[in-house]
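> Predicted model follows, preceded by the sequence.
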Amino acid sequence: MVAALTVSDVSKSYGPTRALDRASLTVERGTIHALLGGNGSGKSTLIKILAGVVKGDSGTVAIGDAALEASAITPARAAAARCFFVHQDAGVFPELSVADNLHLGQGFETTGLQRIKWRAVRRRTREILERYEISAAPETLVADLGPATQAKLAIARALQGTDGATDSVLVLDEPTAPLPAHEVAHLLTALRRYADAGQSIVFVTHRLAEVCEIADRATVLRNGRVLADLERHEITPERLTDLIAGGPESADPPARGAAPEDAPPLLRVTGLSGGRIEDCSLDLRGGEILGLAGLTGSGRTTLLQLLFGLIPRRSGEVTLSGERLAPRGPRDAMAADLAYVPADRKRDGLFPGLSVSENLAMAVVPRYWRHGWLRRGDEQSDSRTLIAEQGIKTESERLAISALSGGNQQKVMLARWLRREPKVLLLDEPTQGVDIGARRGIHDLLRAVVQPDVGAIVASSDEDELAAVCDRVLVLRDGRICAELTAQDLTAERIARFAHADPPTR
Ligand SMILES: Nc1ncnc2c1ncn2[C@@H]1O[C@H](COP(=O)(O)OP(=O)(O)OP(=O)(O)O)[C@@H](O)[C@H]1O
């Protein structure tokens, strides 16, 4: 065996939090090595240390022949040792061509007169596209590529300096999180082929089925320590669930709600158009969880944003409990008892400079003001209760929200909105980046909050999630509702097939 990456006894503390505690692992050349663990277990911290953006306190890292102190890695040293990173959002520029995207990272080859040698650029681009099996032309706009192809392009861009040599280490941080199922399969197949060609890959994910399908080895972290190091034959869904969630997944899917068929609609949407949404009509009943499925770009997020008043309407009517609802912005929507939890929590939802407690209080601020004074004690003790109830992993409610792991930030955001006791909850990708234990918790929580006078609309690219938690799912395609799935028709497989314009024959 040839080790491509060896992490030895790496530790890192943030104040009292031991984010990594003498973590060690070895990645063999030409293998896919999964790095797993619950929210806050230390995965991102390890990756940040490898990338040189966070300094380790102690321990060493060997990348190929380069031996580095964990405290001394810099981005330049990581790159010189041939360790490359691709993060979840891929970071490609959709409005630019494939060639431009590849060469932005690398610089363009120029003549003596500083003119870009376009022919050489195109030739090099074609070589790279071929090497990474990307079906696109150099001049194709990235926006026209499917999400898995965009992820492959991001990988090709990260590895382009290696010229196809396989002594580098590629670290992928939740590359499949934003992808729908069929795109995941496409990307996983590509990763398998890259590894078979000798590329060493570290793969961080919360999706255990992927790990079982693709990983040659898996390291599971808990509280910053290596809890288990599994070989291929030991990687099973049961074992992983047990190690990560601390118990087997319940065999029974959560019971679907009992929203009576003839109940009057809580929310009625008629002929709604705006953004990419065209002429959508739907009813949401009290006690119901309604799913929105569809490929990236089908309009799932736009529909939620239209309902919440974030995007102007072109036409259509919405009523809430029979009253006309036409929010001109989020403030109106909130006043009407709507809540919206966006998918991109970093950009849209959280206040990174504020504490966990302040973020939790943000939706209910007036509650803590009395006679001109902010009752911070009450705010903090309520926050402690919420933190315990929702299983949010943080040293203290006073810690900056940016210090929490991604999954725990998601829990804060959900908890914050639930505090407003909304009538209609609009959730976009509620469990993206959330570990399986917490995912189960969020699904149970959703079931518990929908009551006869409360309903939820959940948009998700995860068809398994929609099938597990929703009473009914609408599938969107090109901004229009193209199918409604209920009862026994509501399966992940059928959702996926409708979303791909391939309606199953009955
Ligand atoms: N900048 C920071 N300041 C303080 N604590 C931090 C900071 N970054 C991370 N932590 C803490 O370190 C621990 C490990 O976090 P890390 O982000 O590595 O977890 P993770 O396994 O990547 O989680 P997730 O799956 O939710 O992304 C957590 O308890 C987190 O709150």
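Looks like it arrived, so ask away. Numbers count the residues shown, from 1 in each chain.
> if you skip the residues just before and after it, what's nearest to the residue in the stretch 251-400 of the chain that the ligand sits nearest to?
In the stretch 251-400 of the chain, the residue that lies nearest the ligand is K393 (5.5 Å; C-beta to the nearest ligand atom). Quick note: C-beta positions are derived from backbone N, CA and C, even for glycine. Distance criterion C-beta to C-beta, 6 or more residues apart in numbering; nearest residue to K393, sequence neighbours excluded, is G40 at 4.0 Å.
> close enough to count as contact, that neighbour and G406?
No - judged on C-beta atoms under 8 Å, G40 makes no contact with G406 at a distance of 9.1 Å.
> Tell me which of these two has more neighbours.
G40 (24 against 21; other C-beta atoms under 10 Å).
> doesn't the more buried one fall inside a helix?
No - checked against DSSP: H, G, I helix; E, B strand; the rest coil, G40 lies outside a helix; its state is coil.
> what about it, distance to the ligand?
Shown here: G40 relative to the ligand, a distance of 4 Å by C-beta to the nearest ligand atom, to the nearest Å.
> same thing with A467?
23 Å.
> Likewise for A3?
23 Å.
> With C482 instead?
Distance from C482 to the ligand, by C-beta to the nearest ligand atom: 34 Å.
> Not counting sequence-adjacent ones, nearest residue to that residue?
V475 is the one closest to C482 (C-beta to C-beta, 6+ apart), at 5.5 Å.
> what residues are up against that neighbour?
V475 sits next to A293, G294, I481, C482, A483, E484, L485, I495, F498, A499 when contact means C-beta atoms under 8 Å, 6 or more residues apart in numbering.
> from what I can see the third one touches V473, true?
No - counting by C-beta under 8 Å, I481 stays clear of V473, with 10.5 Å between them.
> I only care about the contacts of V475 that end up buried; give me the PyMOL line for that.
Applied in PyMOL, the following selects the buried portion of the contacts of V475 according to 16 or more other C-beta atoms under 10 Å:
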select buried, resi 293+294+481+482+483+485+495+498+499
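> I'd like the contacts of V475 laid out as JSON lines, including pLDDT and secondary structure.
Listed next are the contacts of V475 as JSON lines, based on pLDDT from 0 to 100; DSSP: H, G, I helix; E, B strand; the rest coil:
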{"residue": "A293", "pLDDT": "93", "secondary structure": "strand"}
{"residue": "G294", "pLDDT": "88", "secondary structure": "coil"}
{"residue": "I481", "pLDDT": "95", "secondary structure": "strand"}
{"residue": "C482", "pLDDT": "93", "secondary structure": "strand"}
{"residue": "A483", "pLDDT": "92", "secondary structure": "strand"}
{"residue": "E484", "pLDDT": "94", "secondary structure": "strand"}
{"residue": "L485", "pLDDT": "93", "secondary structure": "strand"}
{"residue": "I495", "pLDDT": "86", "secondary structure": "helix"}
{"residue": "F498", "pLDDT": "83", "secondary structure": "helix"}
{"residue": "A499", "pLDDT": "80", "secondary structure": "helix"}
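> Could I get the phi/psi values of the residue nearest to C482?
When read as degrees, to the nearest 10, the backbone of V475 gives phi -100, psi 130.
> Which residues of the protein lie near the ligand?
With the criterion set to C-beta under 6 Å from any ligand atom, the chain comes near the ligand through 14, 17, 19, 37, 39-45, 393, 403-408, 435.
> How far off centre is stretch 323-343?
Computed by C-alpha atoms, centre = their mean, to the nearest Å, the chain-centroid distance of stretch 323-343 equals 24 Å.
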